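Engineer: For reference, the sequence and a predicted model appear below.
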Amino acid sequence: MAATGHIFPNLTPTQRSYTPGTFPANEFQGLNGAVTTIQYGAKPVDSKLQMTFQNITDDEAYLIYDNYIKANGGKDVNTGERDFVYLPYPALAGIHNGNLQSVIAEQNASKLRYRYATPPQITSVFPGISTVTVELRGYLDGANSV
């Protein structure tokens, strides 16, 4: 059974960093020094998206924390799979190229779905104001990977 998803809070990051996934491959080196590379798939895996939300209200910071808890606490009891996180438009605000938006949202042909790579880091800046850093990682969804 495939994991379900949760929509990330409707917030716009002040900073965003995206690293596309790589194609699964191994390199083998022979005794003579020749190298052979074997690629194991036609789809990239393990993309990374880091977003920073500077100077947001504590209520908004809590929305991110709550999304993390729901996505990681919503494990399928049969498989132990964590839920995926889907990005609404505000998470992609500032990207004016629709193709790039699609790539970063992992809504392209890659079939990757985001999960939290680490818990959100919440830093109190001022009473009632926080900065939150979120790190998401793109995984292939086994039910949709073909």
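Structural biologist: In hand now; what should we look at? These numbers come from a predicted model, not from an experiment. Numbers count the residues shown, from 1 in each chain.
Engineer: Could you count how many residues lie near residue 85?
Structural biologist: 23 (other CB atoms under 10 Å). Where C-beta positions appear, they are placed from N, C-alpha and C, glycine not excepted.
Engineer: What strand or helix carries the residue nearest to it when sequence neighbours are not counted?
Structural biologist: Excluding the flanking residues, the one nearest residue 85 by CB to CB, 6 or more residues apart in numbering is residue 114, at 4.7 Å. Residue 114 belongs to strand 112-116 when elements are defined using DSSP states H and E.
Engineer: just so I have it, where are all the helices in the chain?
Structural biologist: For the chain, the helices defined by DSSP state H cover 58-73, 98-104.
Engineer: Per-residue pLDDT of the residue lying farthest from the centre of the chain, please?
Structural biologist: Going by CA atoms, centre = their mean, the residue of the chain most distant from its centre is residue 32, 40.9 Å out. Model confidence at residue 32, given as pLDDT, is 92.
Engineer: sorry, back to before: same list (the helices of the chain) but as a markdown table, adding distance to residue 8, mean neighbour count and mean pLDDT.
Structural biologist: Formatted as a markdown table, those follow (distance: least, CB to CB, whole Å; neighbours: other CB atoms under 10 Å; pLDDT from 0 to 100):
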| stretch | distance to residue 8 | mean neighbour count | mean pLDDT |
| --- | --- | --- | --- |
| helix 58-73 | 6 | 16 | 94 |
| helix 98-104 | 12 | 14 | 85 |
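Engineer: mind checking which of those is nearest residue 137?
Structural biologist: Nearest to residue 137, of all the helices of the chain, is helix 58-73, at 12.1 Å by CB to CB.
Engineer: Show me what that closest one is packed up against.
Structural biologist: strand 5-7, strand 48-57, strand 84-86, strand 112-116, strand 121-126, strand 129-140 (3 or more CB pairs under 8 Å, 6 or more residues apart in numbering; DSSP states H and E).
Engineer: Parallel or antiparallel, which strands does the second one pair with?
Structural biologist: Based on DSSP bridges, the strands next to strand 48-57 in the sheet, each with its direction, are strand 15-19 (antiparallel), strand 129-140 (antiparallel).
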